[in-house]
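[1] Here is a sequence with its predicted model. Questions after.
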Amino acid sequence: MKSKTRAAAGILAALLLATAAESQHSAGSAKSISANSAATQSFSPATQSAISAAVNKELAAFGGNTPVPGAIVGIWVPGKGTFAQAFGSSNLDPKTRLALDDKFRIGSNTKTFVISVLLQLVDEKKLSLDDPVSKFDLGVKIPNAENITVRELCQMRSGLLDAYSAPQYDKVTFTPQTAYTPQQIIATAVSNPPLFPPGAKWNYSNTNYLMLGLIIEAVTHHPIQDEISTRLLVPLRLKNTTFPTTNPDMPLPFAHGYALDPQKNWTDVTVNLSPSISWAAGVMISDLADMKIWVKAYVTGSTNGAATQKERLTCLPTGGYELSFGLGIGCVNGWYGYTGGIPGYNTSANYFPAQGATIIALVNSQIETPSPGVANAIFRDITQILFPHNVAFPPDPATKSATK
């Protein structure tokens, strides 16, 4: 999800996937964050130290006057080792350490649940990935809907403007009590010209997933949160994962979320938006244990049939170096997963099928510039340590040579 700096649209823009870059704060001026040792660690001491150093480096680099307040990192590599640690604090009080069971807003990782429900409906022959959007009564008029397919929504290839980039929101102030329907947000987005014809290229747009949520509701006649719960959360026993609909507060225990103010100090933005704003595009809340189960489940296809899983993992180039995108899944150098960004939180959950490895980074601030953002930078650095031949978000050699 990409952030904009326009103040009036800042809250909504903070829901977007980071793809742009801006000045990185110096790690040299930031204080190091110590790690909590409240977990089993079976990698060698040298590997553990390297991982901790990498996490602290990125928390400092993406910080302001002080590092990003905290992060939780989990790594599971069969036959090689495990690592689960909480770094830093949950509410700026050094005595209040993050705990491994603290909950985070997971932002766009919500989309992986939406896609999994959708693929189950495809398995059940209740819809097709190649159905046109015009087939479904979404309660909102979509221009050119007869030429946009469900597949193109999933792939971020619809050409529809991202709802949270709509200029109509530039002067709107959003509060935790501001309530919108998905139809209202979609209508605002599609009142703007499309960026390109359907299928022509890739562009991250949360509008697509608000529409997919409505398609699921149109097909099942049930709220999207109920379908996610009965089809995924209950069977997988994801007891700490929720889809809030009206209450903007976080369930206990939770990590507070922070943003930098103009003076580069941290301000608490834990409760900043109504759940209705992000809805099927990014409203869910989870923790490390549940995300470990979830990312492996959907990447390995245990949530849906083999045919639809093949569709999910058919990844097409996004235009970024070594980056591609399937049906609601990011693909980079053998890793599959997703990144979530929402005010106060940045999360990265990824699975490496070749090694059965899982790496999760949950950070209590949405600092997504410079690319690939704080959570993905931690993920990248860990892959450099453990999987040097399968580094996530590798640098583009063309860009590197051009800057010499």
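    Happy to help now that I have it. Residues are numbered from 1 along each chain as shown.

[2] which residues of this protein fall in strands?
    When secondary structure is read from DSSP state E, the chain shows strands at 70-77, 81-88, 104-105, 258-260, 266-268, 285-286, 316-317, 323-325, 330-332, 335-342, 345-352, 357-363.

[3] And the longest helix that the chain contains, what's buried?
    Scanning the chain for the helix with the most residues, using DSSP state H, yields helix 45-61. Residues of helix 45-61 classed as buried under the neighbour-count rule (16 or more other Cβ atoms under 10 Å) are 47-48, 50-52, 54-61. For the C-beta atoms, the positions are set from N, CA and C on the backbone; glycine is no exception.

[4] now the angle from that helix to strand 70-77?
    With axes from the mean of the first three to the mean of the last three Cα atoms, to 10 degrees defining the directions, helix 45-61 sits at 150 degrees from strand 70-77.

[5] for helix 45-61, the distance to its chain's centre please.
    22 Å (Cα atoms, centre = their mean, to the nearest Å).

[6] Who are the packing partners of that helix?
    Contact here means 3 or more Cβ pairs under 8 Å, 6 or more residues apart in numbering; DSSP states H and E; on that basis helix 45-61 packs against strand 70-77, strand 81-88, helix 374-386.

[7] Roughly how far does Leu273 sit from Ser365?
    For Leu273, the distance to Ser365 under the criterion Cβ to Cβ, to the nearest Å works out to 15 Å.

[8] quick one: the helices in this structure?
    Read by DSSP H, the chain holds these helices, from start to end of the chain: 10-13, 45-61, 110-123, 150-154, 182-190, 206-220, 224-228, 275-282, 288-300, 306-312, 374-386, 397-402.

[9] Count the neighbours of Gly159 for me.
    Gly159 is surrounded by 22 other residues when neighbours are defined as other Cβ atoms under 10 Å.

[10] actually Asn265, not the one I typed
    Neighbours of Asn265 (other Cβ under 10 Å): 12.

[11] now swap in Gly79 and tell me
    Under the neighbour criterion other Cβ under 10 Å, Gly79 is assigned a count of 7.

[12] hmm, back to that, so which of the strands of the chain comes closest to Ala189?
    Shortest separation from Ala189 across those is recorded for strand 335-342, at 17.8 Å, computed as Cβ to Cβ.

[13] tell me what that closest one is packed against?
    If contacts are counted by 3+ Cβ pairs under 8 Å, 6+ apart, strand 335-342 sits against helix 110-123, helix 275-282, helix 288-300, strand 330-332, strand 345-352, helix 374-386.
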